[in-house]
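Novice: Take a look and give me a structure for this.
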Amino acid sequence: MRIELSRPRRRLITLTPLIDVVFILLVFFMLASNFLDWRVIELDLAKSTQGTSPRVNRPWVIRVEHNGRVALNDQQLNLQRLKERVRALLQSNPEQSFIIQPASNSVAQATVDVLDQLGAAGATRISLAR
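Specialist: Below is the predicted model of the structure:
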């Protein structure tokens with residue numbers, strides 16, 4: 001009588017667990033990602049206007065405080081009032097320029113909110129200052 005020993009079968013490596021892990025990572029990163037609408041904010045650098053215009057157009061300074069408050073030429077305003085005031089200024093002088101001066105410890109989002117309000121009011125000559 002002859003007894004044959006069975007050889008151990010060689011296991012095949014399957015790719016199913018690897019595909020599962022990759023799929024789970026893909027789903028995780030898709031859900032964890034932030035799909036924001038990034039917008040470009042165009043700013044003009046302050047240029048010297050000496051000798052180019054007979055009318056001197058002084059820019060209005062908008063200060064953004066550390067607590068999110070906004071001041072237009074040292075007059076405290078909220079964002080809606082700022083928009084109305086800028087729109088009125090632009091009706092009297094469409095070439096009016098504005099300088100946004102954020103405080104050193106202010107939140108960047110407050111500055112972006114001011115930029116949005118100026119854009120909504122129709123301001124095109126906007127500069128940022130330190």
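Novice: Which residue ranges of the protein form helices?
Specialist: Counting by DSSP state H, the chain has these helices, from start to end: 16-32, 79-92, 108-121.
Novice: Taking helix 108-121 as reference, get the angle to the second one.
Specialist: What separates the directions of helix 79-92 and helix 108-121 is an angle of 40 degrees, with axes from the mean of the first three to the mean of the last three Cα atoms, to 10 degrees.
Novice: Just name the most buried of the helices of the chain.
Specialist: helix 108-121 (a mean of 17; mean count of other Cβ atoms under 10 Å). Placement of C-beta: from N, CA and C, glycine included.
Novice: Show me what it is packed up against.
Specialist: For helix 108-121, the packing partners by 3 or more Cβ pairs under 8 Å, 6 or more residues apart in numbering; DSSP states H and E come out as strand 60-64, helix 79-92, strand 97-102, strand 125-128.
Novice: Apply 10 Å and report the result again.
Specialist: strand 60-64, strand 70-72, helix 79-92, strand 97-102, strand 125-128 (3 or more Cβ pairs under 10 Å, 6 or more residues apart in numbering; DSSP states H and E).
Novice: any chance of the ones you listed in CSV, plus distance to Q117 and mean pLDDT?
Specialist: Listed next are the helices and strands packed on helix 108-121 as CSV, based on distance: least, Cβ to Cβ, whole Å; pLDDT from 0 to 100:
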stretch, distance to Q117, mean pLDDT
strand 60-64, 9, 88
strand 70-72, 9, 86
helix 79-92, 4, 87
strand 97-102, 10, 88
strand 125-128, 11, 86
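Novice: for these, which one sits closest to L31?
Specialist: With Cβ to Cβ as the criterion, L31 lies closest to helix 79-92 of the helices and strands packed on helix 108-121, at 32.7 Å.
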